[in-house]
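# Following is a predicted model, sequence given first.
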Amino acid sequence: MLVLGLSGAFSPEDADLAPNMDGSFHDAAACLIRDGELVAAAEEERFNRIKQTNKFPINAVRACLDTAGVAPSQIDAVGHYFAEYAVDLALDSIYIDNPGIPRRASRELITGYLGGELGIEVPYDRLLYSEHHVCHAMSSFIRSGMKEALVVVMDAQGERNSTTIYRGRNEQLAKLGTYGASKSLGWFYEESIHLLGYRLGDEYKVMGLAPYGNPATYRDLFSSMYKLRDQGDFELKMDHNAFLLKGFAPRRAGEEFTQQHRDFAAGLQHVLEETAMHVIRFWAEQTGLASLCFVGGVAHNSSLNGLLLRSGRFREIFVHPASHDAGAAEGAALAATYKLGSYRPGTTPPARPRLRSASVGPGLGTASEIEKQLMAWGDLVEYSLPADVVAESARLLASGSVLGWAQGRSEYGPRALGNRSILADPRPAENKERINSMVKKREAYRPFAPVVTQEAAEEYFHIPTQTQANYEFMSFVVDVRESRRAELGAVTHIDGSARLQVIDPDTNPRYYRLVRTFGELTGTPVLLNTSFNNNAEPIVQDVRDALTCFLTTGLDILVIEDFLVRKRPDRELAFDNLIPEFRPVTRLVKRLRTTLDGKRAVAHEIYLDHLKGARAEISADAFALLETVDGVRSLASLSVTAGGLGDDIRHELYRLWQGRFFLLRPERL
Ligand SMILES: [Fe+2]
């Protein structure tokens, strides 16, 4: 039985259905399972190139079908990651606030999208909605390889609950307890980080800031906002004003962090850890279960996961690589499979192994397809096919190069795990700043993470021995051994910790061989691994994304499968023969603006029309040129009447390309 799972909301590619559309339904993704086995999964953001997009996952569905070689008519059923009543209630509230939008139920929207361009006809009884926390729980428990486990779902909110506890046994879930929305650790965290200039989707950044702060500074204030109760219960209430009245100065996005902000982050992380541990400890004692599946957005808090590891409460812990809502797409497909009676009650389900690889997205194409693209980008790059690209890459890394590294199928979940990664030498502490300025442009405090070979892991890191865990997905923060901290200068965080990925030769042989060869050359079988993207985009998906990121950042080398790609010297701005293409969300606007001294002036702007979309003011010349973009003519052709591309406009276009306001493609593709 082939079942498609969906997460996300209902906006089309080119415009948001409503301004507040992503309030309840985010992390759009699609997942395809066959008889319960994971065949393909991908997040929509990788295709529409909007970070954490909430749009209907139309591209992700198409990618799953293509990757699996499945025709639309072969899909037996579709699963959705929320209960139908909850989806339609949320939509109704949007329709009330936005009377211009036609009133359509979610079922009509979903079948409309699937039946339209995609050609997937879904009969009424084959579109199955499931409770949100059931979806999270299924994705984690079924992939854990565990026969029996305590399954803890903790996120901002499902239909009504923020935390749900299950006992998983033989692929069945039994609900043991729930916590209402007023006890949402996810919402508490999200509301709190607002005072740090962050918003929904930024939670993981605060976790990295916490070790710089002192949790004692705001202990009294935070203590007044939560109370742990008997029976694993607790109360929780965020009070912004209490902090403001005590002189806390909130940060606005883009501003520097003060010690107040660091102390606040430390205090907040402490509340999360103490409360989550209180809940999980209670249910572990109550059930006597020694295996834990931890899932939901909160399970991406790898510092908390590290604490769970070190608590010694469990014999084994599993964290799904997509514990946020994108992973619930897989759970929705699994839940639908079970509802349709794929397994008869009482029969023993097949033994499933633990999920060890998150690389279940689309690949990069055949060698000849990749080479054709590299040739087409020949004005800007040159490439070679080394006899052993892995050995050559290890040598380049050892000599200080920072690599963009793309191979195989893309990862499901927010982490680059060696198939769409930026890799570097983890030893020089200055590599952190170097990578930040050359490509990531992110907050300086945020740590980079290490990947280590399985055989060297214990030599470099404190891996708890009493608790087994899945370290493939970078889900756990552990301590770097003190004797190794100076050696791992670029990946050891301020408190001596690291968010670790351990790899073995079976799961990802090529990536494993790269790290091992680097170890043979340098004596350190560890690499710095961070996601392959700049600050304006999600992780790269295909060859064009990889080339675009390579060409608009300071990355030294690009490796795509067996090809080693270099920039042609001094050709950075030689994009005359490339064709600019607007993204579906790109908008050009000319508007009258009144200046402070009362004068009226024309402003030229380009922006990306989605929530959190970037906006930039541009020159009249750039505006005039971009107005003529038709997706057919090259920049050289578009600028003929202006006498070609002048230096100023060339630099301006490069900055806009860096910001992904438009994309470029070669004529020959
Ligand atoms: Fe969720």
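Nice, I can see it. Numbers count the residues shown, from 1 in each chain.
# Write out the residues of the stretch 151-300 of the chain neighbouring the ion.
By CB under 5 Å from the ion, the residues of the stretch 151-300 of the chain that approach the ion are Asp155. Heads up, the C-betas are built off the backbone N, CA and C, glycines and all.
# The chain now?
155, 325.
# which stretches of the chain have low pLDDT?
Counting by pLDDT under 70, the low-confidence segments of the chain come to 20-24, 342-350.
# Centroid-nearest residue for it?
Note on the chain: the residue nearest the mean C-alpha position is Pro414, at 2.5 Å, using CA atoms, centre = their mean.
# just checking, that one touches His324?
Yes. With contact defined as CB atoms under 8 Å, Pro414 reaches His324; the gap is 6.9 Å.
# buried sites along stretch 352-359?
For stretch 352-359, the neighbour count (16 or more other CB atoms under 10 Å) marks 352, 355-359 as buried.
# Go through those and flag which are in strands.
Using DSSP state E, the subset of the buried residues of stretch 352-359 located in strands is empty.
# if we can go back for a sec, surely the residue nearest to the centre of the chain forms part of a helix?
No. Applying DSSP: H, G, I helix; E, B strand; the rest coil, one finds Pro414 to be coil, outside a helix.
# Pull the contacting residues for it.
Contact analysis of Pro414 by CB atoms under 8 Å, 6 or more residues apart in numbering lists 204, 300, 322, 324, 531.
# Okay, and which of those residues map to strands?
Secondary structure from DSSP E places Ser531 of the contacts of Pro414 in strands.
# ranges for the strands of the stretch 351-500 of the chain?
For the stretch 351-500 of the chain, applying DSSP state E, counting those that start in this stretch gives strands covering 381-384, 403-406, 420-424, 449-453, 461-462, 468-469, 476-480, 497-503.
# Enumerate every residue touching the residue of the chain found nearest the ion.
Nearest to the ion in the chain, going by CB to the ion, is Asp155, at a distance of 3.6 Å. Counting by CB under 8 Å, 6+ apart, Asp155 touches 132-133, 136, 162-163, 184, 186, 296-298, 324-325.
# switch to 10 Å and redo it
Asp155 makes contact with 132-133, 136, 161-164, 184-187, 295-300, 323-325, 328, according to CB atoms under 10 Å, 6 or more residues apart in numbering.
# If we ignore the residues flanking it in sequence, what's nearest it?
Spatial nearest neighbour of Asp155, excluding adjacent residues (CB to CB, 6 or more residues apart in numbering): Gly296 at 3.5 Å.
# Give me the distance between the closest residue in space to Glu433 that isn't next to it in sequence and Tyr512.
The shortest distance from Glu433 to any non-neighbouring residue, by CB to CB, 6+ apart, is to Ala444 (7.1 Å). Remark: distance between Ala444 and Tyr512 (CB to CB, to the nearest Å) = 31 Å.
# Tell me the bridge partners for Thr163.
The partner list for Thr163 in beta bridges (DSSP bridges) reads Met154, Tyr179.
# just checking, it touches Phe282?
No. Checked against CB atoms under 10 Å, the pair Thr163 and Phe282 is beyond contact range at 11.5 Å.
# the more surrounded of the two?
Neighbour count, other CB atoms under 10 Å: between Thr163 and Phe282, Thr163 has more, with 29 against 19.
# so who does that one touch?
133, 152-155, 157, 177-181, 183-186, 232, 234, 275-276, 279-280, 283, 296, 298.
# And for Gly418?
By CB under 10 Å, 6+ apart, Gly418 lies in contact with 357-359, 405, 407-408, 411, 451, 472, 501, 503, 507-508, 510-512, 514-515, 527, 529.
# after the lengthiest helix in the chain, next one along is what?
For the chain, the longest helix by residue count, based on DSSP state H, is helix 259-287. Heading C-terminal from helix 259-287, the first helix or strand you meet, by DSSP states H and E, is strand 291-295.
# Tell me the strands beside that following strand, with direction?
When DSSP bridges is applied, strand 291-295 pairs with strand 148-154 (parallel), strand 316-319 (parallel).
# mind giving me JSON lines with the ones you listed and columns for mean neighbour count and distance to Ala394?
As requested, these are exported to JSON lines (neighbours: other CB atoms under 10 Å; distance: least, CB to CB, whole Å):
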{"stretch": "strand 148-154", "mean neighbour count": "27", "distance to Ala394": "39"}
{"stretch": "strand 316-319", "mean neighbour count": "24", "distance to Ala394": "29"}
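# May I see those strands organised as a markdown table, with distance to Leu304 added?
Output for the strands paired with strand 291-295, formatted as a markdown table (distance: least, CB to CB, whole Å):
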| stretch | distance to Leu304 |
| --- | --- |
| strand 148-154 | 9 |
| strand 316-319 | 10 |
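# For Ile606, name its beta-bridge partners.
According to DSSP bridges, the residues that bridge with Ile606 are Leu588, Ala616.
# How many residues are close by it?
Neighbourhood size, Ile606 [other CB under 10 Å]: 21.
# That one: what's it in contact with?
Here Ile606 is in contact with 582, 586-589, 614-618, 622-623, 626, 656, 659, 661-662 (criterion: CB under 10 Å, 6+ apart).
# which parts of the longest helix of the chain are buried?
Using 16+ other CB under 10 Å as the test for burial, helix 259-287 gives 260-277, 279-280, 282-284.
# just checking, the residue nearest to Asp155 touches Ser162?
Yes. In this structure, Gly296 is within contact of Ser162 by CB under 10 Å, at 8.7 Å.
# Common neighbours of these two, please.
Common neighbours of Gly296 and Ser162, using CB under 10 Å, 6+ apart, are 133, 153-156, 185-186.
# State the pair within those that is farthest apart.
Across the shared contacts of Gly296 and Ser162, the longest distance by CB to CB is 13.7 Å; it joins His133 and Leu185.
# between the two, who's got more neighbours?
Per other CB under 10 Å, whichever of His133 and Leu185 has more neighbours is His133, with 31 against 26.
# Need the three-state assignment for that one.
The three-state label given to His133 by three-state DSSP is helix.
# Show the backbone phi and psi for the residue nearest to Arg415 when sequence neighbours are not counted.
In space, and not counting its chain neighbours, Arg415 is closest to Met474: 4.7 Å by CB to CB, 6+ apart. In terms of degrees, to the nearest 10, the main-chain angles of Met474 are phi 60, psi 40.
# Nice, that's everything, thank you.
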